[in-house]
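Novice: predicted model follows, preceded by the sequence.
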Amino acid sequence: MNTAVALRGSSKTTIPVQAAFDRAGEPKKLVTLPYDTVGLYSEPGLGVAMRHAIAWYDRYLLADAKAEAEAEAEALSRARPRSP
C-alpha cells in the first residue's frame, strides 16, 4: 500500500528535505515550489501545491484502491457457489 508523505521546507532546509525524500519509499515525487510557508496557505501557491498533491493521489493512491476493489470483487465471484 502506498502512503503519502508531505514535506515542507525552504531554501534553508533543502538538505533535510532531500534526505527525507531519499529515504522515502516508492512511489515518490519531489516538487519544489517558489513560495515560502505563508505563500502555500494562500493563492496562487495553495492552488499550485494542491494540484500537485491531487495528481499524485489520483495516480498512486486511487490506483491502489481500484486494484484492491477489483481483487476483492474477483475473490467474491470465485467464492460464490454456481447455480445449476
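Specialist: That came through fine. Numbering: from 1, shown residues only.
Novice: where does pLDDT dip in this protein?
Specialist: Scanning the chain with the threshold set as pLDDT under 70 gives 1-3, 9-14, 82-84.
Novice: ok, E70 to A6 distance?
Specialist: Remark: distance between E70 and A6 (C-beta to C-beta, to the nearest Å) = 28 Å. The way it works is simple: take the backbone N, C-alpha and C, and place the C-beta from them, glycine included.
Novice: burial count for R51?
Specialist: Using other C-beta atoms under 10 Å, R51 is surrounded by 11 other residues.
Novice: Three-state assignment for it, please.
Specialist: helix (DSSP: H, G, I helix; E, B strand; the rest coil).
Novice: picking up where we left off before, who has more neighbours, E70 and A6?
Specialist: E70 (10 against 7).
Novice: check which helix or strand covers the more buried one.
Specialist: E70 belongs to helix 62-79 when elements are defined using DSSP states H and E.
Novice: that helix: how far from the chain's middle?
Specialist: Helix 62-79 sits 21 Å away from the centroid of its parent chain (C-alpha atoms, centre = their mean, to the nearest Å).
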